[in-house]
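Trainee: coords please:
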Amino acid sequence: MAKNKKQEVNDTVETIDNALSRTERFIEQNQKSLTIIVVAILAIVAIYFGYKRLYLAPKENEARSQIFQAQYYFEQDSLRLALNGNENDLGFLQIANKYGMTKTGNLANYYVGICYREMGEYQKAIEYLKKFDAGDQMVTPIAYGAIGDCYVELSQLKEAAKFYLKAAKYVKNDFTSPIFFKKAGMVYEELNQYDKALDLYKTILNEYPKSIEARDIEKDIARLNALMK
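Mentor: Numbers count the residues shown, from 1 in each chain. All right, here's what the predicted structure looks like:
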């Protein structure tokens, strides 16, 4: 029994020794290639951090300094000035195109989309809103919802419902989720898909009972039940 255990240990040690030998031979045979790979990886890392620190960071600061005036015009409902700027100040459109690689340039895409939506240029609004990628728990669902609004105006109701649902489900909360579930339900009613609308209204009633949308949702549920009968 002891001999068997000793033999197993010896076999294990031999296996490890063989594996190490194979690894050493591989390194010896491919030393030049491995060195090139390591140097290339280090170069890529250096370029990446150099790009972020020496190029992207200054561009980010530049974009931030440019966007304040456009935001002021936007808050004053001067949408064309906010969008296109003037002789002295860049508008959201120029900031989005010039600084698109920065966080501020990305945010400008959102503003451009909202401006175009308010100006009735829905296809352009969709184009820029789809470029916007915030990953933010509040702004992202609002952007999806704005895309849904534009598709409604373009009478593309299936696309509208899809984006309203994306907005509602992106991060479920008592504020944005019931708003966009209700909008999606209304679109499904327009499409005569009453069962889908009913499911969404029930979701509002059961999961978001304290929301504004839940106050009268039982009337909508009763109305749809009557229609479906």
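
Trainee: next SSE after the worst-scoring helix or strand of the chain on mean pLDDT?
Mentor: Lowest on mean pLDDT, DSSP states H and E among the helices and strands of the chain sits helix 31-50, with a mean of 46. Scanning forward in sequence from helix 31-50 by DSSP states H and E, the next helix or strand is helix 57-75.

Trainee: Off-centre distance for that next one?
Mentor: Between the mean C-alpha point of helix 57-75 and the mean C-alpha point of its chain there is a distance of 21 Å (Cα atoms, centre = their mean, to the nearest Å).

Trainee: Count residues in the vicinity of the residue lying closest to E189 once chain neighbours are set aside, would you?
Mentor: Nearest residue to E189 in three dimensions, chain neighbours excluded: A197, at 4.8 Å (Cβ to Cβ, 6 or more residues apart in numbering). Placement of C-beta: from N, CA and C, glycine included. A count of nearby residues for A197, using other Cβ atoms under 10 Å, gives 26.

Trainee: any idea which element A197 lies in?
Mentor: A197 is located in helix 194-207, with elements delineated by DSSP H and E.

Trainee: Then C115?
Mentor: According to DSSP H and E, C115 maps onto helix 103-118.

Trainee: so after that helix, what's the next helix or strand?
Mentor: Sequence order places helix 122-131 as the next helix or strand after helix 103-118, per DSSP H and E.

Trainee: any idea how the protein splits into domains?
Mentor: Per the record's domain assignment (automatic domain parsing), the chain is made up of the domains 31-133, 156-229.

Trainee: wait, which of those domains is closest to A146?
Mentor: Go through the domains of the chain one by one with Cβ to Cβ and the one that ends up closest to A146 is domain 31-133, at 5.6 Å.

Trainee: Please tell me how far the closest one is from the chain's geometric centre.
Mentor: For domain 31-133, the separation from the chain centroid amounts to 15 Å (computed by Cα atoms, centre = their mean).

Trainee: just for this structure, where's the confidence low?
Mentor: Scanning the chain for pLDDT under 70 picks out the ranges 1-59, 134.

Trainee: So L90 versus A167, what's the distance?
Mentor: L90 sits 29 Å away from A167, going by Cβ to Cβ, to the nearest Å.

Trainee: ok, the two, which is more surrounded?
Mentor: In this comparison of L90 against A167, neighbours counted by other Cβ under 10 Å, the higher total goes to A167 at 26 against 21.

Trainee: The spatially closest residue to S211 that is not a sequence neighbour: how many residues sit nearby?
Mentor: Using Cβ to Cβ, 6+ apart and skipping the chain neighbours, the partner closest in space to S211 is P178 (4.0 Å). Look at P178: counted by other Cβ under 10 Å, it has 25 neighbours.

Trainee: Which helix or strand contains P178?
Mentor: Counting by DSSP H and E, the secondary-structure element that holds P178 is helix 176-190.

Trainee: got the contact list for stretch 190-205?
Mentor: Contacts with stretch 190-205, where a contact means Cβ atoms under 8 Å, 6 or more residues apart in numbering, come from 157-158, 161, 178, 181-182, 184-186, 188-189, 211, 213-214, 217-218, 220-221, 224-225, 227-228.

Trainee: quick one: buried residues of that stretch?
Mentor: Residues of stretch 190-205 classed as buried: Q193, Y194, K196, A197, L198, L200, Y201, K202, T203, I204, L205 (neighbour count, 16 or more other Cβ atoms under 10 Å).

Trainee: just how off-centre is that stretch within its chain?
Mentor: Put simply, stretch 190-205 sits 26 Å off its chain's centre (Cα atoms, centre = their mean).
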